[in-house]
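> Just the structure for this:
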Amino acid sequence: MSLSPPPPTIAAPPQPQKPATRGDEGQLHLIAFAQRSPVEPVASDLAPPEAAPPADVVKSFPSTPVARNQGEPTAKKVPPLAREKGTTRLVGAGGQPGRWRGRAVRTVIGLALLSVVGAFISDRFFGLGSRKAVLSGVPITLRAPIDGMLAIEGIVPGEIRDPGLVFGTVHDERVDDSRMRELAAALRIVEAEVASHQARLLQMNQEGAAALERAESFRRVRIEQLEARIAETDAILRGAQARVREAEATLRRSQTLIASGTASAATYDQVRRAQAVAHEELAAAQQRRAALVTQWQAAEAGVFAADEANNDRSTSQQTQDRIRLSSLELAAALRERQERLDAVRQQFQAEQQRLARLRTVTLNLPTRGRLVQLMAQMGEYVRQGQEIASFVDCSQPLALVEVEERVFQSLSLGMAAVFTPARSADRFEGEVVQLLSPLLAMSSAGREGGQYRVVVRLRAQPLAQRCDIGRMGRVSFS
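Numbers count the residues shown, from 1 in each chain. Purely as a prediction, here's the structure:
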């Protein structure tokens with residue numbers, strides 16, 4: 001089988017060329033860059049910038065016909081691209097504007113790098129601050145107030161606890177309650193004595209009331225008797241007065257008869273004696289009435305006076321007096337027992353409260369805090385003073401800062417500080433409240449080493465509300 005030669009290639013007739021403009025040159029350069037293989041190096045890339053042809057040398061490149069298969073379009077030759085070293089901008093034949101732009105970009109980048117380096121050097125060697133800061137707070141350690149069994153449920157580290165919420169309880173079943181039993185027995189005895197004295201006093205009061213009623217009855221009867229005797233004495237007095245008047249009339253008649261001589265002297269003497277007796281009887285009646293009136297007035301006042309009486313009080317009144325005296329003594333004894341009862345009751349209640357505190361104690365936080373660590377578990381028997389949990393006080397945010405010796409020597413207590421949390425633009429003001437030197441740690445621990453630390457108290461309510469314990473940040477001092 002013979003092979004026939006390929007058909008001859010007919011070249012296209014040459015086309016008239018027109019002068020290339022600057023816009024055409026740039027378009028040709030872009031077409032050449034697009035058609036270039038990504039792995040094929042360009043002469044302009046390998047050559048230094050001085051080897052690139054100047055813009056005024058590149059004029060135009062006429063298209064040269066290339067022999068191709070039938071039906072394939074012909075491509076024009078383009079000059080290699082000229083690229084500025086260190087930039088990504090393509091520079092064509094007119095490369096002067098691109099070179100100036102590259103220089104400007106390099107200048108801007110250099111100035112930015114210089115500013116960053118300058119800021120770093122200023123902050124590193126001249127600024128007062130530190131990027132090693134962490135949010136914290138005043139530590140709170142919750143300890144067991146008594147010996148007993150610990151009961152806590154549903155509490156995990158990191159949880160925020162508000163004041164007043166029950167954290168847990170400690171219950172001790174082995175509390176000595178012998179003192180409370182003794183006080184309970186004494187309380188029962190004193191209560192029985194008080195009840196007995198109250199019953200006796202009630203009975204005495206009832207007897208006193210009965211004696212008073214009897215004495216009052218006797219007084220009324222006595223007054224009535226004296227009133228009757230006074231009335232009787234009044235009648236006797238009136239009779240004595242009548243006999244006195246009669247004796248005086250008889251005496252006057254006797255005097256007339258003696259004067260006329262018809263009466264004897266003996267008769268006249270008898271009349272005079274009768275007159276004197278009448279007057280004496282009248283005086284006696286008057287005295288008797290006065291005595292009765294006095295007794296009546298005394299009886300009205302509750303005092304009984306009589307010739308045959310050895311006492312000014314009646315038997316009923318004397319009984320009443322004895323009952324009143326016994327009631328006063330019993331009331332005094334009752335008051336003493338009542339005071340003793342109150343004292344024993346207070347001691348018993350105080351002992352009950354003490355045992356309640358010793359038997360079951362509720363664990364609460366004094367302020368709002370975040371739980372850092374649990375050092376005892378549910379159902380564990382804890383001793384008095386044993387650490388149960390560690391908290392951080394959220395109401396007093398602090399920043400713990402680790403600084404260099406140069407910065408530490410420039411700080412003082414009360415110096416203003418600003419804390420800026422990481423990945424945040426917030427700024428929180430505060431003041432230095434504590435300076436911790438490694439020398440203090442060496443003197444207390446007896447060893448060298450350590451870091452310079454500063455404690456900053458922050459005045460920020462949002463930090464207290466969020467309680468972001470452990471959040472990193474930076475602190476600047478001024």
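
> How about Ser326: what's its closest non-neighbour residue?
Nearest non-adjacent residue to Ser326, counting by C-beta to C-beta, 6 or more residues apart in numbering: Met204, 5.6 Å away. The C-beta positions use only the backbone N, C-alpha and C, and glycine is treated the same way.

> and what of Ile258?
Tyr268 (5.2 Å).

> Pretty sure the residue nearest to Ser326 sits in a helix.
Yes - applying DSSP: H, G, I helix; E, B strand; the rest coil, one finds Met204 inside a helix.

> Tell me how far Ala192 lies from Ala186.
11 Å (C-beta to C-beta, to the nearest Å).

> so Met378 sits right up against Met149, yeah?
No - look at Met378 against Met149 with C-beta atoms under 8 Å: they stay out of range, at 9.4 Å.

> about what we covered before: between Ala192 and Ala186, which one's more packed in?
The neighbour comparison of Ala192 against Ala186 (other C-beta atoms under 10 Å) goes to Ala186, with 17 against 11.

> List the residues that contact Ala416.
By C-beta atoms under 8 Å, 6 or more residues apart in numbering, the contact set of Ala416 is 429-431, 477-478.

> at 10 Å what do you get?
Counting by C-beta atoms under 10 Å, 6 or more residues apart in numbering, Ala416 makes contact with 429-432, 456, 476-478.

> what's the answer for Ile469, then?
134-137, 158, 160, 369-372, 391-394, 397-398, 463.

> so where does it fall, helix or strand?
Counting by DSSP states H and E, there is no helix or strand that carries Ile469.

> Would you check how far apart it and Leu398 are?
Look at Ile469 and Leu398: by C-beta to C-beta, they are 10 Å apart.

> list the residues that contact both of the two?
134-137, 392, 463.

> This protein: helices as residue ranges?
22-35, 43-46, 96-125, 178-260, 265-300, 315-359, 405-410, 438-445, 461-466 (DSSP state H).

> what's in contact with the last one?
Contacts with helix 461-466, where a contact means C-beta under 10 Å, 6+ apart, come from 135, 137, 160, 368, 393-399, 419, 421, 426, 428, 430, 458, 460, 468-469, 471.

> Inside strands: which ones of those?
Among those, the ones falling in strands (DSSP state E) are 135, 137, 160, 393-399, 419, 421, 428, 430, 458.

> From these, list just the buried residues.
Buried by 16 or more other C-beta atoms under 10 Å: 135, 137, 393-394, 397-399, 419, 421, 428, 430, 458, out of these.

> Now for these: which two are most distant?
Using C-beta to C-beta, these span at most 18.9 Å, a distance reached by Asp393 and Pro421.

> Now do the residue nearest to Ala247 when sequence neighbours are not counted, the pLDDT please.
Nearest residue to Ala247 in three dimensions, chain neighbours excluded: Gln275, at 3.6 Å (C-beta to C-beta, 6+ apart). For Gln275, the pLDDT comes out at 86.

> again with the one 10 residues further on
In the prediction, the pLDDT value recorded for Ala285 is 88.

> same thing with Val105?
Note on Val105: pLDDT of 82.

> Now do it: how many residues are near it, please.
The number of residues packed near Val105 is 15, by other C-beta under 10 Å.

> any idea how far it lies from Thr233?
Per C-beta to C-beta, Val105 is found 152 Å from Thr233.

> low pLDDT regions in the stretch 351-478 of the chain?
441-449 (pLDDT under 70).

> what about Val456, neighbour count?
Val456 has 26 nearby residues by other C-beta under 10 Å.

> which residues does Val271 contact?
247-255, 257-258, 263.
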